[in-house]
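In: Here's a sequence, model it:
(one chain, ligands or ions: 1)
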Amino acid sequence: MEHTQRELTLKEKEEEEHAKVEGWKYVLGFSKIAVVKCAIELGIADAIENHGSPMTLLELSSTLKCDLSSLYRVMRFLVHHQIFNEIQPKIQLGSKSYAQTALSRLLLKSGKTSMAALILMESSPVMLASWHGLSSLVQGNGTSTPPFEAVHGADIWSFSAANPGHSKLINEAMACDARLSLPAVIESCLEVFNGIETIVDVGGGDGTCLSLLVKACPWITRGINFDLPHVVCVAKKSDRVENVGGDMFDCIPKADAAIMKFVLHDWGDEECIRILKNCREAIPEDKGKLIIVEAIIEEDEIKEDKLTDVKLMMDMAMMAHTSTGKVRTLKEWGYVLTEAGFSRHSVTPINAVQSVIHAFP
Ligand SMILES: C[S@@+](CC[C@H](N)C(=O)[O-])C[C@H]1O[C@@H](n2cnc3c(N)ncnc32)[C@H](O)[C@@H]1O
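Out: Numbering: from 1, shown residues only. Okay, the predicted model is just below:
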């Protein structure tokens, strides 16, 4: 039987054209992450910041000691994506120069608002390798080896214990997030910490989160930064913060309150409930408090916000990097907290990718 192909409508033709352009962006989409990583490694934002004013290509290439024409192409890409601004010369034969934007300042190697360490961790060869195992994981119906383990032979925490370089990359990235999110926690829910004299940060990493917290809450007399031994042995030392090594699946040091930032999303419900039960044991039954700082995925499309994309990407990253982790919806948070014996909880949105969940025994 002969099929006659229907003529596409103008709208369908436009949609096809748009789809082709979008398709090419997926073909080469990784270039955006790679070029931003390259900009951080070269120190482009740092050079312009230190210069104190926009820099010409010649000034930038001589400061960074790099090839003029390659740098030009990288800058053209970064300007196109509005990561840096291009300033036209005031005089006719002058050279254009490159200026910082709010986005390029996030690429500074240090500082309170830098996101460089987070980008360098996620774009490291170790982290990127596990993304290749996503489809096997989905096809495996829960029986396949998790992607990170399949490629590196161990889960992310055992791998980090054996590879200090990778552990440093993770600790620096998490410290970077602590500098971004802890001020937002303090700004929106300082009262949550009222009356707390001792607090344990479970899976606290290099202690940055806790040192910022005790500085903001002078009434906290003792903070315990609790993490795996290989992490706390290189953690920062700061006033009123003690670094304690151990395993949160065994026992958590006792305190008036426990805080956990970006820890539970690394684990499935079963492990989460075990960690939460241990937190409950660590805090007083009558006036103990658990403070969870985590991203929450909106179940209701209407409530989706500017960070929904990021939260969904983070959930995919948990699939790629952890064995059982996930970014939870409010309903899923309610389930693990109730199963672990917490009687009530409430949520405060903050100006960060995370929200604050306060739970009570
Ligand atoms: C994603 S990082 C979050 C670090 C820190 N809370 C932050 O957000 O800045 C997860 C932390 O959990 C720690 N961790 C993993 N397994 C652990 C265990 N069994 N006991 C204690 N800490 C653990 C890791 O070493 C890591 O520092």
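In: Around the ligand, which positions in the stretch 251-361 of the chain sit nearby?
Out: For the stretch 251-361 of the chain, the residues in contact with the ligand (C-beta under 6 Å from any ligand atom) are Lys261, Phe262, Val263, Asp266. C-beta: built from backbone N, CA, C; applies to glycine.
In: Let me see the contact set for the third one.
Out: This points to Val263. Residues in contact with Val263 (C-beta atoms under 8 Å, 6 or more residues apart in numbering) are Val202, Gly203, Met248, Ile275.
In: hmm, back to that, most neighbours out of the residues of the stretch 251-361 of the chain next to the ligand, which is it?
Out: The residue in these with the most neighbours, by other C-beta atoms under 10 Å, is Lys261 (26 neighbours).
In: residues touching that residue, list them.
Out: Asp177, Ala178, Ser181, Asp201, Gly204, Cys209, Ile292, Val293, Glu294, Gln354.
In: Can you tell me which of the contacts of Val263 has the most neighbours?
Out: That'd be Val202 among these, by other C-beta under 10 Å, with 26 neighbours.
In: how long is stretch 125-142 end to end?
Out: Counting by C-alpha to C-alpha, to the nearest Å, you get 25 Å between the two ends of stretch 125-142.
In: Which residue ranges of the stretch 51-200 of the chain form helices?
Out: According to DSSP state H, counting those that start in this stretch, the stretch 51-200 of the chain carries its helices in the segments 57-64, 68-80, 102-105, 116-122, 125-130, 134-139, 147-152, 156-162, 164-189.
In: okay, these in a markdown table with mean neighbour count and distance to Ala216 next?
Out: Shown next, in a markdown table, are those (neighbours: other C-beta atoms under 10 Å; distance: least, C-beta to C-beta, whole Å):
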| stretch | mean neighbour count | distance to Ala216 |
| --- | --- | --- |
| helix 57-64 | 16 | 37 |
| helix 68-80 | 15 | 35 |
| helix 102-105 | 15 | 23 |
| helix 116-122 | 20 | 22 |
| helix 125-130 | 16 | 31 |
| helix 134-139 | 12 | 39 |
| helix 147-152 | 19 | 34 |
| helix 156-162 | 17 | 29 |
| helix 164-189 | 19 | 5 |
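In: Make CSV out of those helices and add mean pLDDT.
Out: Below are the helices of the stretch 51-200 of the chain laid out as CSV (pLDDT from 0 to 100):
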stretch, mean pLDDT
helix 57-64, 97
helix 68-80, 97
helix 102-105, 97
helix 116-122, 98
helix 125-130, 97
helix 134-139, 91
helix 147-152, 95
helix 156-162, 97
helix 164-189, 97
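In: what's the closest of the ones you listed to the ligand?
Out: helix 164-189 (3.5 Å; C-beta to the nearest ligand atom).
In: So Val347 lies in a strand, does it not?
Out: Yes. Membership of Val347 in a strand is supported by DSSP: H, G, I helix; E, B strand; the rest coil.
In: residues in contact with it?
Out: Going by C-beta under 8 Å, 6+ apart, the list of residues near Val347 reads Ile296, Leu330, Trp333, Ser355, Val356, Ile357.
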